[in-house]
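Student: predicted model and sequence follow; I will ask about them next.
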Amino acid sequence: MRELFSLAGQVALVTGASGGLGAHFAQVLATAGATVAVAARRDDRVAAVVSEIVSTGGRALAVSLDVTNPESVAGAFDVTEQDAGLVTVVVNNAGIVGGERALDVSESEWDRVIDTNLKGAWVVAQEAARRMIAANIGGSIVNIASILGFRVSGRIAPYAISKAGVVQMTKALALEWSRYNIRVNALAPGYVETDINREFLKSDAGAKLIRRIPQRRIGRPEDLDGSLLLLASDASGYMTGSIIPVDGGHLVSSL
Ligand SMILES: NC(=O)c1ccc[n+]([C@@H]2O[C@H](COP(=O)([O-])OP(=O)(O)OC[C@H]3O[C@@H](n4cnc5c(N)ncnc54)[C@H](OP(=O)(O)O)[C@@H]3O)[C@@H](O)[C@H]2O)c1
C-alpha cells in the first residue's frame, strides 16, 4: 500500500512553504519520496525548511517566489526545472487573510487578498500546466481552499470570496486539463493552528468557534497528511475536480 501513495521520482513545488501548513506539506511530500521545491518570499525561512527536510533524509531546494508576480512564478519554475526537473506535483498553498468588516475593506486590502489567494493560485496552476503539457507529462495540482470557500464568517469577506473562487477554479481547470492527464483537486481544511489564525484562536471568539466543531478541537497539520498524499499521488488517479473538506465535521455543523 505504501507504493500507492509514493511520490518517488516526482518533483513537487509547494507555494507559501516558508512556514505553517506549507512547510509541513513540503516535509510530507519529501517523506513520500518527492524532490520538493520549497517556495515563498522569505528566503531565510525557506532555507530553514529546506535544511530541516534535508536533515531528515529528504530532497528539497529553496525557491524564491511571490505568487502575486507572474515573472517571479515563471522564474521559480525555471529554477526548479534546472535543479530538479519538471514539476509534476503542485501544492497551491500560499495564502493570506484580512480581518476587516466588509464595509471597511479598502481596495488595496481586497487586491492583496484576491491577488495572493485566487490570482496567485491561478497563475501558478497555469504556469505548471503549460510546462507539463509542453513536455507531454501529466501531474497533479492540489489547491488549498478552505471551509470558508463554502460557508462564511464575519470580518473575513475577501478571504472567503477568494477561497470560493479557488473551489470553482479547481473544477474549471479539472474540466479543461483532464485531456492532458493533469488532475486538479483541492483540500478544504477547517481551522488548523498556524500564524494565520493563532491570535484569533486564543480569543473568546476562537474558543466559541472550537465548541461549534463536531470533533471539539481544531486541526493539527498532520490531520491533513492523508488527504494531501491521496491527492498528490496516483492513489487518486481517477479523481479530478474533487474538493475534500478536512475539518473535524465543521461544515456539517449547523450552529
Ligand atoms: N490554518 C488554517 O486554519 C487554514 C484553514 C484553511 C485553509 N488554510 C489555507 O492554508 C494555506 C496556508 O495557511 P497557513 O495557515 O499555513 O498560513 P501562514 O502560516 O500564514 O502561511 C502562509 C504562507 O503563505 C506565504 N505567502 C503569503 N503571501 C505570499 C506570496 N505573495 N507569495 C508566496 N508566498 C506567500 C507565506 O510565506 P512568505 O511570507 O515567506 O511569502 C507563508 O509561508 C493558506 O492558503 C490558507 O488560506 C489555512
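Tutor: Good, I have the coordinates.
Student: and the longest helix seen in the chain, what's buried?
Tutor: Determined from DSSP state H, the single longest helix within the chain is helix 157-177. Residues 157-167, 169-170, 173-174, 177 are the ones in helix 157-177 that count as buried (16 or more other CB atoms under 10 Å). (C-beta placed from N, C-alpha, C; glycine too.)
Student: pull out the buried positions in stretch 118-135.
Tutor: Within stretch 118-135, the residues scored as buried using 16+ other CB under 10 Å are 118-125, 127-129, 131-133.
Student: before we move on, what about stretch 85-93?
Tutor: 86, 87, 88, 89, 90, 91, 92, 93.
Student: from those residues, which are also near the ligand?
Tutor: Among the buried residues of stretch 85-93, proximity to the ligand is found for residue 93 (CB under 6 Å from any ligand atom).
Student: closest to the ligand out of the buried residues of stretch 85-93?
Tutor: Nearest to the ligand, judged by CB to the nearest ligand atom, of those is residue 93 at 4.8 Å.
Student: picking up where we left off before, among the buried residues of stretch 118-135, which lie within helices?
Tutor: Per DSSP H, those map to helices at 120, 121, 122, 123, 124, 125, 127, 128, 129, 131, 132, 133.
Student: quick one: which of the buried residues of stretch 118-135 is nearest residue 254?
Tutor: Residue 254 lies nearest to residue 118 out of the buried residues of stretch 118-135, by CB to CB, at 28.4 Å.
Student: quote the end-to-end distance of stretch 51-65.
Tutor: Start-to-end span of stretch 51-65 (CA to CA, to the nearest Å) is 18 Å.
Student: is that stretch anywhere near the ligand?
Tutor: Yes. Using CB under 6 Å from any ligand atom, stretch 51-65 reaches the ligand at residue 65.
Student: how about that stretch: buried residues?
Tutor: For stretch 51-65, the neighbour count (16+ other CB under 10 Å) marks 52, 53, 58, 60, 61, 62, 63, 65 as buried.
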